[in-house]
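Asks: next one to model:
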Amino acid sequence: MEYKFTQNWTKEDYVAFAVNHLLQNFLKTRNLILYTVSIGYLILTPLLTQRWEFFYVGIGLIVLFIGYLFMAKRSAAKGYDRNKESLSIEFTLNESGLMYETGEGIVTENWQNFTYVKETEKHFFMYFAAHKGFLLAKRDLSEDMIIMIRRGLQTHVVNQKRIKLLG
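Replies: Down below sits the predicted model:
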């Protein structure tokens, strides 16, 4: 079975992809351990030393992270406004994978090429390299297409720990 469909990404889609990409890289296990230990130490230092300087640095780092997240959202929204003409892509979905057209020609991504996939209520965030991927907005997909995507990923992707599906 083969399905052809067009994805017209909205600003919300684009921002969701950018934020997911940021969090995927920022919230890796080793980074979480580093952040928790470092900031935890800074925040707990006043209990051990009665000096508050480190506590304020720890709180500052937390505020900085939250500010960075808001800046990333704002930057992604501006990026969408600059590139919205190029954010409409024709896809072909079949049993072997996904095909789509870029400026360089038709690209085929077989299911086994995907290294990380996260499904949410509204999107599939799909990566075939560390910093190369795209999203599929579910509003343009039928239930049969969603089932085909899940089945293709579950059947062909080697590292199933990197595939986070809802169904």
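
Asks: the longest helix in this protein is where?
Replies: Longest among the helix segments of the chain by residue count, using DSSP state H, is helix 53-83.

Asks: beyond it, next helix or strand please.
Replies: Using DSSP states H and E, the next helix or strand after helix 53-83 towards the C-terminus is strand 88-94.

Asks: residue nearest the centroid of this protein?
Replies: By CA atoms, centre = their mean, the chain has its centre lying nearest to residue 20, at 3.2 Å.

Asks: what strand or helix carries that residue?
Replies: helix 11-26.

Asks: would you mind identifying the next helix or strand past that helix?
Replies: Under the assignment DSSP H and E, the closest C-terminal helix or strand after helix 11-26 is helix 29-49.

Asks: run the chain-centre distance for that following helix.
Replies: Centroid separation between helix 29-49 and its chain, computed with CA atoms, centre = their mean, to the nearest Å, is 27 Å.

Asks: from the contact counts, what lies against that helix?
Replies: Contact analysis of helix 29-49 by 3 or more CB pairs under 8 Å, 6 or more residues apart in numbering; DSSP states H and E lists helix 53-83 as its packing neighbours. Heads up, the C-betas are built off the backbone N, CA and C, glycines and all.

Asks: average pLDDT for the helix it packs on?
Replies: For helix 53-83, mean pLDDT is 90.

Asks: ok, how many other residues are close to residue 42?
Replies: 19 (other CB atoms under 10 Å).

Asks: which one is it nearest to, not counting chain neighbours?
Replies: Closest residue in space to residue 42, ignoring its immediate chain neighbours: residue 58 at 3.1 Å, by CB to CB, 6 or more residues apart in numbering.

Asks: same check, this time on residue 73
Replies: Leaving aside its sequence neighbours, residue 73 sits nearest to residue 15 (CB to CB, 6+ apart; 5.5 Å).
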